[in-house]
Every structure is written in C-alpha cells, then in structure tokens.
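Student: Take a look and give me a structure for this.
(one chain, ligands or ions: 1)
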Amino acid sequence: MQSQKNIAKIMQALEKRYKFHKKPTVRRTSESENPFKTLISCLLSLRSQDVNTAKTSKALFAVADTPEKIIKLPQKQLEKLIYSSGYYRNKAKTIKHVSKVILEKYKGGVPDKKEELLSIKGIGPKTANIVLCFSYGQIVIPVDSHVHIVSNRLGIVSAKTPEKTELELMKVMPKRYWKEINTLFILFGKDICLSISPLCSKCIFKNICPKIGIKRSR
Ligand code: SF4
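Tutor: Numbers count the residues shown, from 1 in each chain. As a prediction, this is how the structure comes out:
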C-alpha cells in the first residue's frame, strides 16, 4: 500500500499535470448550473463518452431543464434528444422517474442527503456523491470506474468494488483532495492509466506504482 507521503506526491503531481485540462462535462455542469442539471448530466454520462454527455445534456436542457418540463416531454421525444448518450431507452425511463420523484416527493428540489438520493431508483452512490460534492459542496468522494481502477492499481487502496474503494479512500486520502480526486483520476484514466492496456512506460508514477492487477500494459 502507498504511504501517506506517496499519496500526497501522487495527488500533487496530478494537480499540476491537469491544471489546465478541460474538466469532464458533469463537473463543468455542476460548476455553472443547478443540482438538477448536475444530476441529469450524471445519469446521461453513465457508460457514455464525455463528448456525448456534453452533446445530449445541451440538447435536453435546451428543451427541458426542470423536473416539470421533463415529465411533460413525450417519451419518444426524450429518447430522441438523448439518443447519442447510448442506452437511451433505459436512460429516458430513469430520467422520467427521477424527475417525477423529485417533483412529487421533494417539491422539485434535488435532495442534499445521500440516503434520500439513494432512495430514488436509478440513482447510485457515484451519482449521489457527484451531486453532493459538486452541487452542494459536501466533503464526499465520488467514485466512478476510473477512480476505482486507478486507486487500486496504484495501491492507494485494495478494494473489490467502487463502494468499498470509496470507504477505503475516506481512510487514507487527505480531505483536501476529496473533491478533486474524481476529476483528476478521470483525466488520468483517460490519458495514461487506460482501463485496457495502460501506458505504464510513459507514466510519471511507473517507479512507485505496484501495478496491481495489470496483465497487459504499453
Ligand atoms: S504505472 Fe501503469 S498502472 Fe500504474 S498508474 Fe501508471 S499507468 Fe496506471
């Protein structure tokens, strides 16, 4: 496992490397928009490329940017608007359901408590934490597949699921990095520590990384 000193070194190096990089769509949305848009962008981003999340978020919000407007959209129109994000039929159903619950149970306001967010079908731990972290400024760690994979390969944690990775990260990651780890590890995971065949020979951490679970690298 990595020492506290190395964890700090890793985070500082990533902060420096990605200082001027364009942030992922969900993060950008959360900085300039409301929690509802952050939540919907996050649902659109599941198993989708960032470019498609940006495209479909923009298309959808141009037509419907509140729970009221989304539940009034005909299903087919909603599916068409979000088609490029993939899994569009399931995502349309989820977006409708989430909007309905937010409107009926929470009077149109996105809840700011994790248990309330998780009680809505379609919202998982990563999506809940993204809303809490980026829209409500709470100190939580949103763990997506990049955060899970990179944290384990680097030996920062040893956990089998993203949920366990979140709990382990909370024990070892200094709090000042909780908000940034999601963005930094996503950028690093898309740039160097690729899910399939990471670019270890070009990696700035190659001398300290135990490369846990790596079978093939470049
Ligand atoms: S050395 Fe390889 S496995 Fe380790 S962080 Fe770098 S790219 Fe990822």
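Student: Every contact and neighbour count from this point should use C-alpha atoms.
Tutor: OK.
Student: ok, and the closest non-adjacent residue to I95?
Tutor: With sequence-adjacent residues excluded and distances taken as CA to CA, 6 or more residues apart in numbering, I95 is closest to I40, at 6.8 Å.
Student: If you count contacts, what does the helix or strand hosting that neighbour end up packed against?
Tutor: For I40, the enclosing helix or strand under DSSP states H and E is helix 35-45. In terms of contacts (3 or more CA pairs under 8 Å, 6 or more residues apart in numbering; DSSP states H and E), helix 35-45 is packed against helix 25-32, helix 50-63, helix 88-106, helix 125-130.
Student: of all those helices, which lies closest to L117?
Tutor: helix 125-130 (5.9 Å; CA to CA).
Student: which residues are contacting the closest one?
Tutor: Applying CA atoms under 8 Å, 6 or more residues apart in numbering, the external contacts of helix 125-130 come out as 38-39, 42-43, 114, 117-118, 140-144, 163.
Student: And the next helix or strand past that helix?
Tutor: Past helix 125-130, the next helix or strand by DSSP H and E is helix 145-153.
Student: Can you give me the distance of E116 to Y87?
Tutor: Note on E116: its distance to Y87, by CA to CA, to the nearest Å, is 25 Å.
Student: Q2 now?
Tutor: 38 Å.
Student: re earlier: separation between the residue nearest to I95 and E166?
Tutor: 22 Å.
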